[in-house]
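> pasting the sequence and the predicted model now:
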Amino acid sequence: MSKGVTLKLNKEFKTLYYHGRSAVDPLVIVYARKNRLGVTRTGITTGKKLGGAVQRSRCRRIIRAAYDEVKADIPAGWDLVFVARVKTVYAKSTDIVPVLRRALAEVGVLPQAE
(Lines give C-alpha, C1' and ligand atoms only; values in the text may rest on other atoms or scores of the structure.)
Protein backbone atom coordinates (compact mmCIF):
# COMPACT_ATOMS: atom_id res chain seq x y z
CA MET A 1 0.00 0.00 0.00
CA SER A 2 1.58 3.25 -1.10
CA LYS A 3 1.19 6.29 1.09
CA GLY A 4 -0.80 8.90 -0.84
CA VAL A 5 -1.29 12.59 -0.23
CA THR A 6 -3.34 13.07 2.93
CA LEU A 7 -5.38 15.88 4.40
CA LYS A 8 -3.88 16.97 7.70
CA LEU A 9 -5.20 20.38 8.65
CA ASN A 10 -8.47 20.87 10.52
CA LYS A 11 -9.28 23.68 8.05
CA GLU A 12 -9.13 21.23 5.14
CA PHE A 13 -11.47 18.78 6.87
CA LYS A 14 -13.94 21.53 7.80
CA THR A 15 -13.99 22.81 4.21
CA LEU A 16 -15.10 19.39 3.05
CA TYR A 17 -17.66 19.03 5.81
CA TYR A 18 -19.30 22.37 4.99
CA HIS A 19 -18.75 22.75 1.24
CA GLY A 20 -18.29 19.20 -0.05
CA ARG A 21 -20.87 16.69 -1.24
CA SER A 22 -21.63 13.80 1.08
CA ALA A 23 -22.98 10.26 0.96
CA VAL A 24 -24.07 8.50 4.14
CA ASP A 25 -24.09 4.77 4.85
CA PRO A 26 -24.25 2.87 8.16
CA LEU A 27 -20.59 1.85 7.67
CA VAL A 28 -18.97 5.07 6.46
CA ILE A 29 -19.69 8.68 5.47
CA VAL A 30 -17.91 10.04 2.40
CA TYR A 31 -17.29 13.74 1.78
CA ALA A 32 -15.87 14.82 -1.59
CA ARG A 33 -14.94 18.08 -3.26
CA LYS A 34 -12.90 18.93 -6.35
CA ASN A 35 -9.55 20.57 -5.80
CA ARG A 36 -7.31 22.39 -8.25
CA LEU A 37 -4.15 20.54 -7.32
CA GLY A 38 -4.33 17.72 -9.87
CA VAL A 39 -3.83 15.14 -7.13
CA THR A 40 -6.35 13.29 -4.97
CA ARG A 41 -5.98 13.88 -1.23
CA THR A 42 -7.65 11.73 1.41
CA GLY A 43 -8.39 11.89 5.10
CA ILE A 44 -9.92 9.42 7.54
CA THR A 45 -11.58 10.40 10.80
CA THR A 46 -12.58 8.17 13.68
CA GLY A 47 -14.33 9.56 16.72
CA LYS A 48 -14.11 8.35 20.30
CA LYS A 49 -17.65 7.02 20.04
CA LEU A 50 -16.18 4.04 18.13
CA GLY A 51 -14.22 2.79 21.13
CA GLY A 52 -10.64 2.80 22.32
CA ALA A 53 -7.50 3.43 20.33
CA VAL A 54 -7.35 -0.17 19.09
CA GLN A 55 -10.84 -0.03 17.60
CA ARG A 56 -10.27 3.40 16.05
CA SER A 57 -6.98 2.28 14.49
CA ARG A 58 -8.65 -0.85 13.11
CA CYS A 59 -11.37 1.31 11.52
CA ARG A 60 -8.74 3.49 9.86
CA ARG A 61 -6.88 0.40 8.60
CA ILE A 62 -9.92 -1.24 7.05
CA ILE A 63 -11.11 2.01 5.43
CA ARG A 64 -7.59 2.52 4.04
CA ALA A 65 -7.55 -1.06 2.69
CA ALA A 66 -10.98 -0.60 1.06
CA TYR A 67 -9.86 2.72 -0.45
CA ASP A 68 -6.79 1.01 -1.95
CA GLU A 69 -9.15 -1.29 -3.86
CA VAL A 70 -11.10 1.67 -5.26
CA LYS A 71 -8.45 4.35 -5.79
CA ALA A 72 -7.38 3.15 -9.26
CA ASP A 73 -10.82 4.19 -10.58
CA ILE A 74 -10.78 7.67 -9.00
CA PRO A 75 -9.65 10.51 -11.28
CA ALA A 76 -7.07 12.96 -9.98
CA GLY A 77 -8.11 16.27 -8.46
CA TRP A 78 -10.40 15.34 -5.56
CA ASP A 79 -10.34 15.86 -1.80
CA LEU A 80 -11.97 12.94 0.02
CA VAL A 81 -12.78 12.41 3.70
CA PHE A 82 -14.02 9.10 5.06
CA VAL A 83 -15.72 9.16 8.46
CA ALA A 84 -15.97 5.85 10.31
CA ARG A 85 -19.26 5.01 11.97
CA VAL A 86 -20.12 2.68 14.85
CA LYS A 87 -20.80 -0.30 12.55
CA THR A 88 -17.37 0.11 10.93
CA VAL A 89 -15.80 -1.50 14.01
CA TYR A 90 -17.47 -4.83 13.14
CA ALA A 91 -16.94 -4.69 9.36
CA LYS A 92 -14.17 -6.01 7.14
CA SER A 93 -12.55 -4.12 4.28
CA THR A 94 -14.32 -6.39 1.78
CA ASP A 95 -17.65 -5.18 3.24
CA ILE A 96 -16.65 -1.55 2.81
CA VAL A 97 -15.42 -1.69 -0.82
CA PRO A 98 -18.93 -1.78 -2.39
CA VAL A 99 -20.10 0.89 0.05
CA LEU A 100 -17.23 3.17 -1.02
CA ARG A 101 -17.95 2.57 -4.71
CA ARG A 102 -21.63 3.43 -4.26
CA ALA A 103 -20.90 6.47 -2.10
CA LEU A 104 -18.22 7.82 -4.46
CA ALA A 105 -20.63 7.41 -7.38
CA GLU A 106 -23.32 9.22 -5.39
CA VAL A 107 -21.09 12.25 -4.76
CA GLY A 108 -19.94 12.36 -8.39
CA VAL A 109 -16.38 11.07 -8.11
CA LEU A 110 -17.03 7.79 -9.94
CA PRO A 111 -19.44 7.32 -12.86
CA GLN A 112 -22.85 5.98 -11.82
CA ALA A 113 -23.14 2.19 -11.83
CA GLU A 114 -25.97 0.76 -13.88
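Done, it's in.
> isn't Ile74 right up against Leu104?
Yes. Ile74 lies in contact with Leu104 (CB atoms under 8 Å); the separation is 6.9 Å. Yep, even glycine has a C-beta here, placed from its N, CA and C like the rest.
> between these two, point out the one with more neighbours.
Legend: neighbour count by other CB atoms under 10 Å for Ile74 and Leu104, higher for Leu104 (22 against 17).
> any shared contact partners between Ile74 and Leu104?
Leu80, Leu110 (CB atoms under 8 Å, 6 or more residues apart in numbering).
> got the contact list for stretch 81-98?
7, 13, 16-17, 20, 25-32, 42-47, 49-51, 55-56, 58-60, 62-63, 65-67, 69-70, 100.
> restricted to buried residues, select these in PyMOL.
This is how PyMOL selects the buried members of those, with burial counted by 16 or more other CB atoms under 10 Å:
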select buried, resi 7+13+16+20+25+27+28+29+30+31+32+42+43+44+45+46+50+55+56+58+59+60+62+63+66+67+70+100
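> how near is the residue positioned nearest the centre of the chain to Leu7?
For the chain, the residue nearest the mean C-alpha position is Phe82 (2.7 Å; CA atoms, centre = their mean). From Phe82 across to Leu7, the span is 11 Å (CB to CB, to the nearest Å).
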